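> Provide a 3D model corresponding to the input given below.
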Amino acid sequence: MENFRQFVGFLVGAAFLGTLSVVFVLVWVFHWREGLAWDHGLREFNWHPVLSTVGFIFMNGFGLIIYRLPWTWNISKPLMKYIHAGLNIVIFVLMVISLVAVFDFHNAKKIPNMYSLHSWVGLAAVIIHALQIVLGLCIFLMPFTPMFIKTFYMSIHIFTGLLVFGMSITAAEMGITEKLIFSLRSGSNNTLPYSQSPPEAILVNTLGIFILLFGGCILWIVKQPEWKRPSEHVKENIGNEERSILNKTTEISAETSNERVHERGAGLTHLNLEDVGQRSTF
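Model (predicted):
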C-alpha cells in the first residue's frame, strides 16, 4: 500500500473522532437529557440521537472503508461481502429502532411527524440505505447474477453508499441543531437560551464538529485509489511473484551452500594431507 503512514493517520483520526462523537452524544443524553428509556417520553426520544450516531454515522463510516483495511485483505472476498452486508443490516435495524422511538414519542405527545427538513433527509437516507441493502444482496451475493450486471452496478453501489453517508451527516447536523433550539428556547427549564451558549449547547455544537470531521476522514480514505483492496488477480500475481522470488532465493542459497561445502571439503582434504606429511616427517 502506498502512503501507508498517511492511511494509518487518517484511520486513527477517524476512529478517534468517531469514538468522541459516540461519547459526546451519550454524555449529552445522560447528563442533560435524563438518559434512556422506552416510556413514550423524552427518554425514549433520546434513543434517536444515540442510535443514529452509533449506526448511521460511526458504523456506516467504517462500513464504507472496511474493504480498504489492509488487515482484511487476507480474508476472502466472498466472506468480506457477507461481513459488509451484515454490518449494513445491523445499521438498518438500529435506524429502524431510532425512527420508531421518534414516531412513538411524537404520537404520544401529539407532535406532528415529518414536517422538518431534518426528518425528510433522514428518512430518505434510511429508505435509500434499505434499497442499497436489497440490491446489494441480490446483485453481489446471488451466484446466478450475470457478471456484466455486477460490473455495471458497482459504480452505482459505491456512489449510493457515499450519498447515504453524506445524507446521514447532513441530517445529524440539522437534527442536533433542531433539538437544541427546541430544548433551549427562551431559557426554558431554568437553563440559558441557546443564543447565550450554555454548556449543553457548547458540547452539542462540538459533537457536530466531531461528526463533520469524522465524515471528512472517511471520505478522504475512500477518495484515495491507491488504498483500494487489491483485486484477487493482482493478489494472486503478487503471490506468484513472491513465491518465484522465494524459490529463486532458495535455489541460489542451496547452490551457494553446496559450493561452500565443496570448498570446505577440499580445504579439509588439503589439511589432512599436509598433516599426514608433517607427521611422517617427524
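> show me where the chain has helices.
Taking DSSP state H as the test, the helices found in the chain are 4-27, 42-45, 47-51, 60-65, 77-108, 117-140, 147-183, 199-223, 232-281.
> kindly reformat the ones you listed as a markdown table containing mean pLDDT and distance to residue 193.
C-beta: built from backbone N, CA, C; applies to glycine. Output for the helices of the chain, formatted as a markdown table (pLDDT from 0 to 100; distance: least, CB to CB, whole Å):
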| stretch | mean pLDDT | distance to residue 193 |
| --- | --- | --- |
| helix 4-27 | 97 | 21 |
| helix 42-45 | 96 | 19 |
| helix 47-51 | 98 | 21 |
| helix 60-65 | 96 | 33 |
| helix 77-108 | 96 | 23 |
| helix 117-140 | 97 | 20 |
| helix 147-183 | 96 | 10 |
| helix 199-223 | 97 | 9 |
| helix 232-281 | 47 | 58 |
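> okay if I get the ones you listed as a markdown table plus distance to residue 191?
Converted to a markdown table, the helices of the chain look like this (distance: least, CB to CB, whole Å):
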| stretch | distance to residue 191 |
| --- | --- |
| helix 4-27 | 16 |
| helix 42-45 | 14 |
| helix 47-51 | 18 |
| helix 60-65 | 32 |
| helix 77-108 | 20 |
| helix 117-140 | 22 |
| helix 147-183 | 8 |
| helix 199-223 | 7 |
| helix 232-281 | 57 |
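> want to try TSV for those helices, with distance to residue 71 and mean neighbour count as columns?
Listed next are the helices of the chain as TSV, based on distance: least, CB to CB, whole Å; neighbours: other CB atoms under 10 Å:
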stretch	distance to residue 71	mean neighbour count
helix 4-27	10	17
helix 42-45	38	19
helix 47-51	27	22
helix 60-65	12	21
helix 77-108	12	16
helix 117-140	22	16
helix 147-183	21	16
helix 199-223	14	18
helix 232-281	14	10
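> distance between the ends of stretch 138-146?
End-to-end span of stretch 138-146 (CA to CA, to the nearest Å): 11 Å.
> hmm, who's touching that stretch?
Residues from elsewhere that reach stretch 138-146, judged by CB atoms under 8 Å, 6 or more residues apart in numbering: 81-82, 85, 149-150, 153, 157.
> from the chain's centre, how far out does that stretch sit?
Averaging C-alpha positions (CA atoms, centre = their mean, to the nearest Å) puts stretch 138-146 24 Å from its chain's average.
> repeat that for stretch 38-46.
In terms of CA atoms, centre = their mean, the centre of stretch 38-46 is found 30 Å from the chain centre.
> only the C-alpha atoms, please, for it, written as CSV.
Provided in CSV are the C-alpha atoms of stretch 38-46 (Å, rounded to 0.1, in the frame of the first residue of the first chain):
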residue,chain,number,x,y,z
TRP,A,38,-38.8,3.2,26.5
ASP,A,39,-41.6,5.2,28.2
HIS,A,40,-43.2,7.3,25.4
GLY,A,41,-41.4,10.3,26.8
LEU,A,42,-38.2,12.4,26.3
ARG,A,43,-36.0,9.5,27.4
GLU,A,44,-37.5,7.3,24.6
PHE,A,45,-36.8,10.0,22.1
ASN,A,46,-33.2,10.0,23.2
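> and the contacts of stretch 138-146, which two are the farthest apart?
Greatest spatial distance among the contacts of stretch 138-146 (CB to CB): 82 and 149, at 19.4 Å.
> is it true that residue 176 touches residue 210?
No - Residue 176 is beyond contact range of residue 210, at 10.9 Å (criterion: CB atoms under 8 Å).
> just give me the residue right at the centre of the protein.
Centroid-nearest residue in the chain: residue 62, 1.2 Å away (criterion: CA atoms, centre = their mean).
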